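[1] Below is the structure, and that's it, no one-letter string:
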């Protein structure tokens, strides 16, 4: 899973980052670091939030106004592992089912395509030509898709 940390002060970043690192969730303060995060963590100073995509939100504040049909959990610091585990379980279940308000097919196709590319690269230990062969696409096509999804073969 990947999390985008938005509007957190230094103390919040330190606390949240250590917890997310401990449980193995990739995270960062720049949205550009991810194609699309699995969820967003908002600092307690953030009072309202709007994003083009419907991404689950964990807010560190006690209340907040959200523009759109987001799934929002209020979880002020300090985090308790049991409460966080329940929220992450809910977020994983949300990813399995289409939302009642509809879903963005292009977004899901891009997400699936990037996932399949990563799996192919893992199975071929980063050998692009073999991964392309496994995916039944041209090597140059795979390279272009890797560039589009910011996938570096050296990760594998």
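    Here it is on my side, so go on. These numbers come from a predicted model, not from an experiment.

[2] which residue packs closest to residue 64, ignoring adjacent ones?
    residue 47 (6.0 Å; C-beta to C-beta, 6 or more residues apart in numbering). C-beta here means a position set from N, CA and C on the backbone, and glycine is covered the same way.

[3] helices or strands up against the longest helix seen in the chain?
    Among all segments of the chain classified by DSSP state H, the helix with the greatest residue count is helix 105-123. With contacts taken as 3 or more C-beta pairs under 8 Å, 6 or more residues apart in numbering; DSSP states H and E, helix 105-123 sits against helix 128-135, helix 139-148.

[4] Flag every buried residue along the host helix or strand of residue 27.
    For residue 27, the host element (DSSP states H and E) is strand 26-28. Applying a neighbour-count criterion of 16 or more other C-beta atoms under 10 Å, one finds residue 27 buried in strand 26-28.

[5] who are the neighbours in contact with residue 62?
    Residue 62 makes contacts with 44, 74, 76, as judged by C-beta atoms under 8 Å, 6 or more residues apart in numbering.

[6] State the distance from residue 14 to residue 148.
    Residue 14 sits 33 Å away from residue 148, going by C-beta to C-beta, to the nearest Å.

[7] whoops, I mixed them up, residue 122
    Separation of residue 122 from residue 148 (C-beta to C-beta): 19 Å.

[8] And the residue nearest the centre of the protein?
    Residue closest to the mean C-alpha point of the chain, counted by C-alpha atoms, centre = their mean, is residue 37 at 2.1 Å.

[9] what's the nearest residue to it if we skip its chain neighbours?
    The shortest distance from residue 37 to any non-neighbouring residue, by C-beta to C-beta, 6+ apart, is to residue 4 (4.1 Å).

[10] Tell me if I'm right that the one you found and residue 27 touch.
    Yes - in this structure residue 4 lies within contact range of residue 27 using C-beta atoms under 8 Å: 7.3 Å.

[11] Mind picking out the helix or strand in this protein with the poorest mean pLDDT?
    Every helix and strand in the chain was compared by mean pLDDT, DSSP states H and E; the lowest is strand 65-66, with a mean of 66.
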